[in-house]
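Trainee: Provided below for reference: sequence and predicted model.
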Amino acid sequence: MREKIKVFLKRNTLRKILLGNPWIYHNEILKIEGSVSPGDIVDIYDSSKSFIGRGYINPNSKITVRILTRKEEEINKEFFRERILKAWEYRKKLVDTRSCRVVFGEADFLPGLIIDKFEDILVIQTLSLGIDRFKETIVEVLEEIFQPRGIYERNDVPVREIEGLPQIKGFLKGNFDPIIEIEENGLKILVDVKDGQKTGYFLDQRENRAALKGLVDGAEVLDAFSYTGSFALHALKFGAERVVAVDSSDYALELAKKNAILNGFLEKIEFIEENAFDLLRKFHKEGRNFDVVILDPPAFAKSQKSLENALRGYKEINLRAMKIIRDGGFLITCSCSQHVSPEIFQRVIESASHDANRILRLIEFRYQAKDHPILYSHPESLYLKCGIYQVLKKE
Ligand code: SAH
């Protein structure tokens, strides 16, 4: 029997936790009873000693406890099987499950755990110590539920170091070609689960890419921050005449080129390896205009502290993009910084339009795809914003 460790919450934290937030910060804890090792399972109580839930603890992390369950149940293989099956049922209802995010951490009540499925390959991230302790159990459960051809671990992420975990990646099951061909909205896309970014591919943009339909017919399109070219390919599928795809990573563009060939679009795409900030400025100077510009930069704000700079960055690229969009054209602009709320992001866009001397018509404001669910009780689960605007010159 494990020794029971009890974590008592301060009174003013209780409401947030009872509403369903799974994170308990260091300064929200009243006291801890029992001797704690980082990663241990703990029981959570309110200040009058009523049971609130069970989770894992890491005293070295600012988010000291993450709640796994609100019941007095064992955290064992059965627990993970049930949770993962529930997450899988949700995806089967809502998305194309050939390739999708199967588990999205806190939003699937499995804090710190990410599982992406690319056809018959699974990619897993265990981002905190408490969940990392269950890695083998989780892999066993995944084998039983999905019988995948292979499982790859992409734990080469800096957040793990805050938790005292090493950055590692490698095969957990099977030894397969790490480049997987998936299909998204009828397009063939190569995903490199070993050397691609994050888990290899940005599944969170799937529905936003599909939203290009109707906006790009016959258009000249700029896909800035293109990575492996997914937005660009969608634009061509939906009738774009020509696409310029820009990324600072030559590796991403190599794969983007292969994707273009795979879909028969090579003649219609120009790939440019450059800093998108510089290129947007250069295009403006040269008077090179587009009907549609897509901006999908990496997270500029990695923390609350870097927010100011990040907002300047968002404003700058959006302003530059608006200036090179032809009258009546479209801007598809994204931000995946969790620290930038939809309201702040929209304010930045509005301010950019002011400086660019353009009028914006909001067509749609979108978020991450359905396999990355958003919990009201865990606002951090909302991170991706995607605004679709028509950009008009002032009459
Ligand atoms: N739109 C892509 C995902 C973009 S991820 C998709 O749908 O899959 C962000 C991309 O921006 C990465 O590929 C990264 O290499 C690139 N990047 C980061 N900083 C950049 C910069 N300053 N200029 C151009 N590309 C940049």
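Mentor: Now that the structure is in, tell me what you want to look at. Residues are numbered from 1 along each chain as shown.
Trainee: and the gap between residue 9 and the ligand?
Mentor: Here the criterion is Cβ to the nearest ligand atom, to the nearest Å. By it, residue 9 lies 38 Å from the ligand. Backbone N, C-alpha and C define where each C-beta goes, glycine included.
Trainee: Now for that residue, how many residues are close by?
Mentor: 21 (other Cβ atoms under 10 Å).
Trainee: was I right about it contacting residue 17?
Mentor: Yes: judged on Cβ atoms under 8 Å, residue 9 makes contact with residue 17 at a distance of 6.5 Å.
Trainee: Kindly point out which residues are neighbours of both of those two.
Mentor: The contact sets of residue 9 and residue 17 overlap at 24, 44, 52 (Cβ atoms under 8 Å, 6 or more residues apart in numbering).
Trainee: Just say helix, strand or coil for residue 207.
Mentor: helix (DSSP: H, G, I helix; E, B strand; the rest coil).
Trainee: For the residue nearest to residue 233 when sequence neighbours are not counted, give me phi and psi.
Mentor: Nearest residue to residue 233, sequence neighbours excluded (Cβ to Cβ, 6 or more residues apart in numbering): residue 187, at 5.0 Å. Dihedral pair for residue 187: phi -100, psi 150, per degrees, to the nearest 10.
Trainee: which residues does residue 187 form a beta bridge with?
Mentor: On the basis of DSSP bridges, residue 187 is bridged to residue 184.
Trainee: just checking, it touches residue 237?
Mentor: Yes: the pair formed by residue 187 and residue 237 meets the contact definition of Cβ under 8 Å, at 5.9 Å.
Trainee: Between those two, which contacts overlap?
Mentor: Going by Cβ under 8 Å, 6+ apart, residues that sit against residue 187 and also against residue 237 are residue 263.
Trainee: pretty sure residue 178 is touching residue 152, no?
Mentor: Yes: with contact defined as Cβ under 8 Å, residue 178 reaches residue 152; the gap is 6.8 Å.
Trainee: Looking at these two, which has the bigger crowd around it?
Mentor: Between residue 178 and residue 152, counted using other Cβ under 10 Å, residue 152 has the larger neighbour count: 24 against 18.
Trainee: if I look at residue 178 and residue 152, which residues touch both of them?
Mentor: What both residue 178 and residue 152 touch, as defined by Cβ under 8 Å, 6+ apart, is the set 193, 194.
Trainee: what bits of the chain have low per-residue confidence?
Mentor: Residues of the chain that meet the criterion pLDDT under 70 lie in 1-2.
Trainee: At the contact with the ligand, which residues of it appear?
Mentor: 202, 205, 225-228, 230-231, 246-249, 252, 275-277, 296-298 (Cβ under 6 Å from any ligand atom).
Trainee: residue ranges of the helices in the stretch 201-350 of the chain, please?
Mentor: 206-210, 230-237, 250-262, 276-286, 307-323, 342-356 (DSSP state H, counting those that start in this stretch).
Trainee: Format the ones you listed as a markdown table; extra columns: distance to residue 219 and mean neighbour count.
Mentor: Compiled in a markdown table, the helices of the stretch 201-350 of the chain are given as follows (distance: least, Cβ to Cβ, whole Å; neighbours: other Cβ atoms under 10 Å):
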| stretch | distance to residue 219 | mean neighbour count |
| --- | --- | --- |
| helix 206-210 | 15 | 22 |
| helix 230-237 | 7 | 27 |
| helix 250-262 | 17 | 18 |
| helix 276-286 | 16 | 16 |
| helix 307-323 | 14 | 20 |
| helix 342-356 | 20 | 17 |
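Trainee: To residue 171, which of the ones you listed lies closest?
Mentor: Minimum separation from residue 171 across the helices of the stretch 201-350 of the chain (Cβ to Cβ) falls at helix 250-262, 20.1 Å.
Trainee: what's stretch 209-216 in contact with?
Mentor: So stretch 209-216 is contacted by 184-185, 230-231, 234-235, 238-240, 291-292, 294, 330, 332, 363-364, 366, 386, 388 (Cβ under 8 Å, 6+ apart).
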